[in-house]
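[1] sequence and predicted structure are below.
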Amino acid sequence: MESLAPEALDRERHKKNEGLRDLPGNTSEVILRFAPNPNGPLSIGHSRGVAINSLYADKYQAKIVLRFDDTDTKVKPPMVDAYAWIEEEFEWMSGKAADVVIRASERMPIYLQHAEKMLIGGFGYVCKCTAEDFREFRVTKTECPCRDKSVQQNMDDWSKMNSGEIDEGGAVVRVKTGMDLPNPALRDWPALRIQHSPHPIVGDKYKVWPLLDFQSAIEDHLQGVSHIIRGKDLMDSTRKQTILYEHFGWDYPEPLYWGRVKIHEFGGFSTSGMSSSIDSGKFSGWDDPRLPTLRAMRRRGFDPRSLAELWEEVGLTQKDISISMKTLESFNSRIIDGDCERRVFVSNPKSLDINAENIPSTISMARHPDGEIEGFRVWEVGTTVSIQNSDFVEGKLRLKDFADIIISGSSATIESADRSDDRKIVHWIPEKLALEAILSVPDGEDISEVNGVLEDFELIEGELYQLERVGFARFEGIQDGIARLLWLHN
RNA sequence: GCUCCUGUGGUGUAGUACGGUCCAUCAUUCCGGGUUUUCAUCCCGGCGACCCGGGUUCAAAUCCCGGCAGGAGCACCA
């Protein structure tokens, strides 16, 4: 074997391909783009786009264009605050700001000019058929009567569209592709439509707005985008746009696709659905910890690197997948563990009076058990401590880092400072340091609240702590004398 | 209905272009154990998969044919 085909032995078939596979086509100057609709902030699904594009940008020293596809004023109208939010969220995820930021609504004249070129070039036409009628033409592969209008007629109708003379729904501009195409989705697809409702940024300046397939196609070409990474639900967009590019004499970028992603823990969600649930008061805002938004995840304490690692691991496959937050949490806890100081949170506390001749006045506990954070938390012990009700036993227990005790009723006697046997070790808190606290735990559609006491040692608002024997939680501050903790994961 | 995409353990993923070294990789979950004065981190071990049926071949996860299943597009949304 070795003599017959020595090269066969060199193949490392089991070797795991690290990272993302290479980009196809010419990669000498890679320009990528991420194009969300600013009708709300980014969600965990969007983070895949930011992560994958950023990963490729690093690999190829590529530029990323952040483009706001905000040309719909009716169905999914833009949200004014979302533009700035998304720029921040992009930077949070990517580690740096986008190289170019574009708002489609600000570049309307360009799209309208291209629409005119299309009309003049004869590869587009103004169609005044109703949506229903055209649907019928599409299924029967029939050319609609508007299709052979002269350029002059088309230009006349075009100016009536733009002047506002034709009402919404009265006309659209279509790209001539052929009504006999086997794929019905491609047949003379609509490129621009009339919208009389004002746009939140540019007002009522324009009556005619491009649809995604047209606007996106023009802008990708203008920005010199080399590779488009998009959901595979947009495969037909690629095909539609490729025909448009042929009309214009342009080369289409290299398309790559990913499949649908579901997160076990969050059922179906949409930006518009979340928006209405927030408006109705079901959620407190876009950063409500039950929501799969990046704002909520950042608030809870997810490190953006955990998301990047997750998406890199998932890669760029066209499979429809369903992933669990558990996987993300696993990445996250590994990343944050070294940076999180420990604190004690005792839920449903039960107090014990300590009986001993010589109780040490203070003890020191490590800020981090492995010393990744140096220093100690110094506790004044006192004579009353609290342990978790669920840890309570009549008998022997060890108070972690302190002493072996034996409990009888509500009093405890110190048996030994050193560990003397293998009795259960529990976390505890001196009454002097016990700050009343509520731990909010997001649980599906609900948030459950756990009452307890939190170790009041150098608490920093907004800081993430690991609550010993409980898990990670963010300290959100003190309200009405009660500390508020937000659960992350264990 | 038409057009298209995808099927590898519970969940992801590698391997599939060029069939053998694949009784199938790695991660995560789960289970068991170790370290640890946290139920964290870390370490070790274990369970567990090539959608189905034919075909070609000495040999098929990989090639061919046919099914089946899941998803998407056919919006004057993105």
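    All right, it came through fine. Numbering: from 1, shown residues only, chains lettered A, B, ... in the order given.

[2] low-confidence regions, the stretch 1-150 of chain A specifically.
    A:1-18 (pLDDT under 70).

[3] apply 80 and report the result again.
    Along the stretch 1-150 of chain A, the parts satisfying pLDDT under 80 run over A:1-19.

[4] which residue ranges of it form helices?
    A:44-60, A:80-94, A:108-120, A:131-140 (DSSP state H, counting those that start in this stretch).

[5] list the buried ones in the host helix or strand of A:E219?
    Assessed by DSSP states H and E, A:E219 sits inside helix A:212-222. Under the neighbour-count criterion of 16 or more other Cβ atoms under 10 Å, helix A:212-222 has A:212-221 buried. All C-beta atoms are positioned from the backbone trio N, CA, C, and that covers glycine.

[6] one more: stretch A:173-187?
    A:173-177, A:179, A:181, A:186-187.

[7] mind listing what the residue of the stretch 51-200 of chain A found nearest RNA strand B touches?
    Residue nearest to RNA strand B within the stretch 51-200 of chain A: A:D69 (2.8 Å; Cβ to the nearest atom of the strand). By Cβ atoms under 8 Å, 6 or more residues apart in numbering, A:D69 lies in contact with A:35-37, A:104, A:212, A:215-216.

[8] export the helices of the stretch 1-150 of chain A to JSON lines and tack on distance to A:A483 and mean neighbour count?
    Output for those, formatted as JSON lines (distance: least, Cβ to Cβ, whole Å; neighbours: other Cβ atoms under 10 Å):
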{"stretch": "helix A:44-60", "distance to A:A483": "28", "mean neighbour count": "21"}
{"stretch": "helix A:80-94", "distance to A:A483": "26", "mean neighbour count": "19"}
{"stretch": "helix A:108-120", "distance to A:A483": "51", "mean neighbour count": "18"}
{"stretch": "helix A:131-140", "distance to A:A483": "57", "mean neighbour count": "13"}
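
[9] could you tell me which residues of the stretch 51-200 of chain A lie near RNA strand B?
    Within the stretch 51-200 of chain A, the positions near RNA strand B by Cβ under 7 Å from any atom of the strand are A:69-72, A:74-76, A:129-131, A:134-135, A:138-139, A:168-172, A:182-185, A:187, A:190, A:193-194.

[10] among the residues you listed, which are in strands?
    Using DSSP state E, A:172, A:190, A:193-194 are the members of these that sit in strands.

[11] going by neighbour count, which of the residues you listed comes out on top?
    A:V172 (23 neighbours; other Cβ atoms under 10 Å).

[12] my read: that residue touches A:T130, true?
    No: shown here, A:V172 and A:T130 do not form a contact pair, counting by Cβ atoms under 8 Å, at 10.2 Å.

[13] before we move on, back to that, which among the buried residues of helix A:212-222 gets closest to RNA strand B?
    Nearest to RNA strand B among the buried residues of helix A:212-222, with distances taken as Cβ to the nearest atom of the strand, is A:L212, at 3.7 Å.

[14] most remote residue from chain A's center?
    A:E357 (56.7 Å; Cα atoms, centre = their mean).

[15] quick one: A:K74 and A:P198, what's the gap?
    11 Å (Cβ to Cβ, to the nearest Å).

[16] tell me the SS of A:D251?
    On the three-state scheme (DSSP: H, G, I helix; E, B strand; the rest coil), A:D251 is labelled coil.

[17] the residue nearest to A:E455 when sequence neighbours are not counted: neighbouring residues, count only.
    Closest residue to A:E455 apart from its sequence neighbours, by Cβ to Cβ, 6 or more residues apart in numbering: A:V344 at 4.2 Å. Residues within reach of A:V344, counting by other Cβ under 10 Å, total 28.

[18] correct me, but A:V344 touches A:Y465?
    No: applying Cβ under 8 Å as the test, A:V344 and A:Y465 come out as separate, 9.6 Å apart.

[19] joint contacts of the two?
    Contacts common to A:V344 and A:Y465, judged by Cβ under 8 Å, 6+ apart, are absent.

[20] now the helices of the stretch 1-150 of chain A as TSV including distance to A:D446?
    What follows is these, written out as TSV (distance: least, Cβ to Cβ, whole Å):
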stretch	distance to A:D446
helix A:44-60	20
helix A:80-94	26
helix A:108-120	45
helix A:131-140	42
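
[21] looking at those helices, which is closest to A:L310?
    A:L310 sits nearest to helix A:44-60 of all the helices of the stretch 1-150 of chain A, at 8.0 Å, using Cβ to Cβ.

[22] packing partners for that closest one?
    In this structure, helix A:44-60 packs against strand A:31-34, strand A:63-68, helix A:80-94, strand A:227-231, strand A:261-263, helix A:294-300, helix A:304-314, with contacts taken as 3 or more Cβ pairs under 8 Å, 6 or more residues apart in numbering; DSSP states H and E.
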